[in-house]
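A.B. asks: I'd like to go over a predicted model; first the sequence, then the structure.
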Amino acid sequence: MTDLIFSIIIPVYNAETTIRRCLDSFTNQRFSDYEILLINDGSTDNSDAICREYADVNSKICYLSKENGGVSSARNLGLEQAKGEYVLFVDSDDYVPEDYFDVINQALTLCCPDLLMFGMANTEVEKRTWITGVYREIEELNIARRIADAMKQYLFSSLCSKVFKRKIIENNGLRFSTDLSIGEDQLFIFSYAMHIRSISSIDALLYNVDVSNENSLSRKGRHYLTEQLMEVNRRMYAAYHATEHSPESAHYYEAGLAWMTYRSAYSCCKELLKFNCSAKQAARDTEDLQVVPRGKNQACRLEVLVYCLAGEIRLKHGYRLVNKLPGKMMDQSNEGD
């Protein structure tokens with residue numbers, strides 16, 4: 001593989017305490033065939049000065065500053081400027097190991113997949129997200145199975161543990177939805193996956209997530225916005241229906257989508273009940289559903305709401321979701337009540 005270039009897109013917003021560590025983890029790499037697109041999204045701290053400092057002494061860093069418009073608009077600007085064959089996304093409060101490019105480049109040279117995934121480490125709680133096994137899939141059915149498995153294991157919510165082909169992004173006009181403040185990365189990954197013909201993985205940790213920072217992009221997603229979570233699911237279904245699939249592959253995609261819809265509904269309900277919201281009000285806030293749950297127990301109300309939200313998706317799309325909340329989820333529903 002010749003002329004291989006990685007485009008690293010890093011949105012920056014008030015990251016003066018972390019951006020140096022992030023950039024140093026790239027400038028210390030032995031691999032040199034890459035560019036960094038540093039997008040300042042209207043920071044009000046010293047991020048601008050730090051970014052300019054690095055860009056002035058490193059020709060690999062392209063620094064762009066814009067008015068605040070959110071992380072999606074920053075990533076979209078990076079995509080418009082990217083020149084590399086492959087695109088990777090990095091958050092300004094995270095960092096990568098010194099063999100980041102070497103390992104990724106070796107995997108790409110070996111099989112040149114349309115989508116490459118790798119593991120992440122959570123630096124706050126020492127959590128590890130591994131990709132189980134090394135695989136290279138080129139058959140449509142196997143790709144569908146891998147994508148469905150990744151969705152069930154929450155791997156499709158991790159934008160920064162993926163390597164994307166810029167050609168596929170551009171040929172299909174893929175961009176991040178700027179009207180979403182949660183789940184926009186998950187939607188982008190799934191929309192991209194609907195256009196791939198090969199998928200592979202690296203059984204290694206190549207990205208360090210720092211969620212200890214209050215401005216962490218990873219932390220912001222914890223404040224669930226009910227309507228947007230459900231909108232993400234609707235758009236994922238739309239992306240799925242916009243592409244053709246064999247009956248066998250469709251089975252796996254639908255299973256993965258059903259699971260993610262169910263989890264979104266569960267998350268919506270749990271978050272609403274944290275604020276002592278009545279089940280009936282929560283139902284109105286989620287989908288204007290007319291729900292009168294039986295019982296006063298919060299777990300019961302949560303169960304009814306999940307049924308109703310999942311049922312709304314089932315009616316619209318014709319997919320049958322699970323009929324019961326798993327016992328583990330029911331146990332979690334009372335945490336913090």
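C.D. replies: Perfect, I can see it now.
A.B. asks: what ranges do the strands span in the stretch 101-250 of the chain?
C.D. replies: Under the criterion DSSP state E, counting those that start in this stretch, strands of the stretch 101-250 of the chain are mapped to 115-122, 127-129, 136-137, 162-165, 199-209.
A.B. asks: could you tell me the least trusted of those strands?
C.D. replies: In terms of mean pLDDT, the lowest-scoring of these is strand 127-129 (a mean of 57).
A.B. asks: that older thread, could the strands of the stretch 101-250 of the chain go into TSV alongside mean neighbour count?
C.D. replies: No exception for glycine: its C-beta is placed from N, CA and C like everyone else's. Formatted as TSV, the strands of the stretch 101-250 of the chain follow (neighbours: other Cβ atoms under 10 Å):
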stretch	mean neighbour count
strand 115-122	21
strand 127-129	13
strand 136-137	18
strand 162-165	22
strand 199-209	20
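A.B. asks: residue ranges with poor pLDDT in the stretch 201-337 of the chain?
C.D. replies: Low-confidence segments of the stretch 201-337 of the chain (pLDDT under 70): 212-226, 265-337.
A.B. asks: cutoff 50 now
C.D. replies: 216-224, 276, 279-280, 286-304, 310-337 (pLDDT under 50).
A.B. asks: residue 264 is nearest to which of the strands of the stretch 101-250 of the chain?
C.D. replies: Residue 264 sits nearest to strand 127-129 of all the strands of the stretch 101-250 of the chain, at 19.4 Å, using Cβ to Cβ.
A.B. asks: okay, now residue 150: neighbour count?
C.D. replies: For residue 150, the neighbour count with other Cβ atoms under 10 Å is 23.
A.B. asks: list the buried residues for stretch 47-63?
C.D. replies: Residues of stretch 47-63 classed as buried: 47, 48, 50, 51, 54, 55, 61, 62, 63 (neighbour count, 16 or more other Cβ atoms under 10 Å).
A.B. asks: cool, stretch 145-164 as well?
C.D. replies: Buried residues in stretch 145-164, counted by 16+ other Cβ under 10 Å: 145-148, 150-151, 155-164.
A.B. asks: farthest pair in these?
C.D. replies: Every pair of those checked by Cβ to Cβ; the farthest is 145 and 160, at 23.8 Å.
A.B. asks: against residue 241, how distant is residue 187?
C.D. replies: 14 Å (Cβ to Cβ, to the nearest Å).
A.B. asks: neighbour-wise, which of the two wins?
C.D. replies: A count of neighbours by other Cβ under 10 Å puts residue 187 above the other of residue 187 and residue 241, at 23 against 11.
A.B. asks: list the contacts of the more buried one.
C.D. replies: By Cβ atoms under 8 Å, 6 or more residues apart in numbering, the residues touching residue 187 are 176, 177, 180, 232, 235, 236, 239.
A.B. asks: what would the residues you listed look like in a markdown table with neighbour count and distance to residue 94?
C.D. replies: Listed next are those as a markdown table, based on neighbours: other Cβ atoms under 10 Å; distance: Cβ to Cβ, whole Å:
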| residue | neighbour count | distance to residue 94 |
| --- | --- | --- |
| 176 | 21 | 18 |
| 177 | 18 | 22 |
| 180 | 20 | 21 |
| 232 | 23 | 22 |
| 235 | 18 | 26 |
| 236 | 26 | 25 |
| 239 | 20 | 27 |
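A.B. asks: picking that back up, can you say which of the strands of the stretch 101-250 of the chain is nearest to residue 69?
C.D. replies: Taking the strands of the stretch 101-250 of the chain one by one with Cβ to Cβ, strand 162-165 is closest: 21.6 Å.
A.B. asks: elements contacting the closest one?
C.D. replies: On a contact count with 3 or more Cβ pairs under 8 Å, 6 or more residues apart in numbering; DSSP states H and E, strand 162-165 meets strand 86-89, strand 115-122.
A.B. asks: neighbouring contacts of it?
C.D. replies: Counting by Cβ under 8 Å, 6+ apart, 85-89, 104, 108, 114-118, 189, 192 sit against strand 162-165.
A.B. asks: any of those residues buried? List them.
C.D. replies: Applying 16+ other Cβ under 10 Å to those flags 85-89, 104, 108, 114-118, 189, 192 as buried.
A.B. asks: residue 186 is in contact with residue 176, correct?
C.D. replies: No - look at residue 176 against residue 186 with Cβ atoms under 8 Å: they stay out of range, at 10.6 Å.
A.B. asks: can you name the residues bridging to residue 136?
C.D. replies: Under DSSP bridges, the beta-bridge partners of residue 136 are residue 200.
A.B. asks: contact partners for it?
C.D. replies: With Cβ under 8 Å, 6+ apart, residue 136 has these contacts: 110, 111, 113, 198, 199, 200.
A.B. asks: turn those residues into a markdown table, including distance to residue 209.
C.D. replies: Output for these, formatted as a markdown table (distance: Cβ to Cβ, whole Å):
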| residue | distance to residue 209 |
| --- | --- |
| 110 | 26 |
| 111 | 26 |
| 113 | 23 |
| 198 | 27 |
| 199 | 22 |
| 200 | 22 |
